[in-house]
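In: With the sequence up front, the predicted model follows.
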Amino acid sequence: MNAEHASMRLIDGYARGDTETAADTVWALEAHLETCALCRGRLAASVATEAPGIAALVDTVRAGLEPQLDAAVRAPSRRYRPRWVSAWLTPVMAPWLAMTVAVTLVALLLDAAASPTVFGDTSLVSLIAPVLPLCGVAASWSRGLDPAYELTASTARAGLPLLLRRTTSVLAVVLPGLLVEGWLTGTMTAAQWLLPSLAFTSTALALGSVVGVTRAAAALAAVWGAVIAAPAWSTGRVPLALQSDQLPLWGLLLALGIGAVIARRKAYSVL
């Protein structure tokens, strides 16, 4: 496949259903066919000559469906949504992102309204900031939360690229809100939670290649709450994990998580 169009040899093999073509080549061809009308036309012509049985089957199905489709009542048109939204977000991510932002606002209000004896030297916002993006990440590639999961997972653009797009969408919404709230509370700097947040996100994606992203995100959030957040809340002290001298360890965890994601990049297409 050249820079503009797929070769006829590749299209003919795809029409015949050749099993010798590499999987990544098939995915690249299908992704190209989504945007290239010329190659789709060449594929239609190739199917007619290379796989006449499939062409006859399609014609038979079309002949049986057309009368039913003509008689069916048209569903009301849905509200217009740009194509890039579907490429970056799942249908259910909007309420999950809204919920995540609402959690940060509640934490900010509690920080502002609570007396100094409630949280002590620590801030509720700082305790939830490192793991807050995991809520959206868990919803970004969830079999149970995405009604179009099976359809999405079978497309040529599924796998790690789609997961990274959705994770980026989560971070783009959550991190600016946390930056503003950290500035308003004045109790934490961005370095205290931004690096741990990115480290947790990369670790969730890495573990997600083994146990699923939703399970990995939920497990990491639970560990943070039990080991770090709950003791810090009870003692009123800034947890050791959020102190500045621990940042190199968070940087190492971030690097390891990114490396694991890259090493297991092919595992995300079969989740």
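Out: That came through, no problem. Residues are numbered from 1 along each chain as shown.
In: Scan the protein for its longest helix.
Out: helix 160-185 (DSSP state H).
In: Mind giving me the packing neighbours of that helix?
Out: For helix 160-185, the packing partners by 3 or more C-beta pairs under 8 Å, 6 or more residues apart in numbering; DSSP states H and E come out as helix 83-88, helix 93-113, helix 124-128, helix 133-140, helix 190-211. Backbone N, C-alpha and C define where each C-beta goes, glycine included.
In: Among the ones you listed, which comes closest to L171?
Out: helix 133-140 (5.8 Å; C-beta to C-beta).
In: Report the mean confidence score over that closest one.
Out: Mean pLDDT, helix 133-140: 80.
In: Format the CA atom coordinates belonging to that helix as CSV.
Out: Output of helix 133-140 as CSV, limited to C-alpha atoms (Å, rounded to 0.1, in the frame of the first residue of the first chain):
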residue,chain,number,x,y,z
PRO,A,133,-8.2,10.5,36.2
LEU,A,134,-8.5,6.8,36.8
CYS,A,135,-12.3,7.1,37.0
GLY,A,136,-12.5,8.3,33.4
VAL,A,137,-9.8,5.9,32.2
ALA,A,138,-11.8,3.0,33.7
ALA,A,139,-14.8,4.1,31.6
SER,A,140,-12.7,4.7,28.4
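In: Quick one: distance of that helix to the chain centre.
Out: Helix 133-140 sits 8 Å away from the centroid of its parent chain (C-alpha atoms, centre = their mean, to the nearest Å).
In: How about stretch 154-166?
Out: Using C-alpha atoms, centre = their mean, the offset of stretch 154-166 from its chain centre is 8 Å.
In: And that stretch, what's buried?
Out: For stretch 154-166, the neighbour count (16 or more other C-beta atoms under 10 Å) marks A156, A158, G159, L160, L162, L163, R166 as buried.
In: cool, and stretch 204-219?
Out: A204, L205, A206, L207, G208, S209, G212, V213, T214, A216, A217.
In: re the thing from before, tell me which of the helices and strands packed on helix 160-185 sits nearest to A31.
Out: Comparing the helices and strands packed on helix 160-185 by C-beta to C-beta, helix 83-88 comes nearest, at 11.6 Å.
In: so for the closest one, what's the average pLDDT?
Out: The average pLDDT for helix 83-88 rounds to 62.
In: Equivalent analysis for stretch 30-43, please.
Out: 87.
In: buried residues in it?
Out: Buried residues in stretch 30-43 (16+ other C-beta under 10 Å): H32, L33, C36, C39, R42, L43.
In: Using a markdown table, lay out those residues together with secondary structure.
Out: As requested, the buried residues of stretch 30-43 are exported to a markdown table (DSSP: H, G, I helix; E, B strand; the rest coil):
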| residue | secondary structure |
| --- | --- |
| H32 | helix |
| L33 | helix |
| C36 | coil |
| C39 | helix |
| R42 | helix |
| L43 | helix |
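In: Generate TSV for these, with distance to V173 as supplementary columns.
Out: Shown next, in TSV, are those (distance: C-beta to C-beta, whole Å):
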residue	distance to V173
H32	31
L33	32
C36	33
C39	36
R42	41
L43	38
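In: Which one of these is nearest to P67?
Out: The closest of the buried residues of stretch 30-43, once distances to P67 are taken by C-beta to C-beta, is L43, at 27.0 Å.
In: Look up the closest residue to that closest one, ignoring the ones flanking it.
Out: Counting by C-beta to C-beta, 6 or more residues apart in numbering, L43 lies nearest to I11, which is 5.3 Å off, once chain neighbours are set aside.
In: wait, isn't the one you found in contact with R40?
Out: No: using C-beta atoms under 8 Å, I11 is not in contact with R40; the gap is 9.7 Å.
In: thinking again about what came up before, ok, how many other residues are close to the residue nearest to L43?
Out: I11 is flanked by 23 other residues according to other C-beta atoms under 10 Å.
In: buried sites along the helix or strand containing it?
Out: I11 belongs to helix 8-16 when elements are defined using DSSP states H and E. By neighbour count on 16+ other C-beta under 10 Å, the buried set for helix 8-16 is L10, I11, D12, G13, Y14, A15.
In: And stretch 227-241, by the same measure?
Out: I228, A229, A232, W233, V238, P239, A241.
In: Let's test this: name the helix or strand in the protein with the lowest mean pLDDT.
Out: helix 116-119 (a mean of 52; mean pLDDT, DSSP states H and E).
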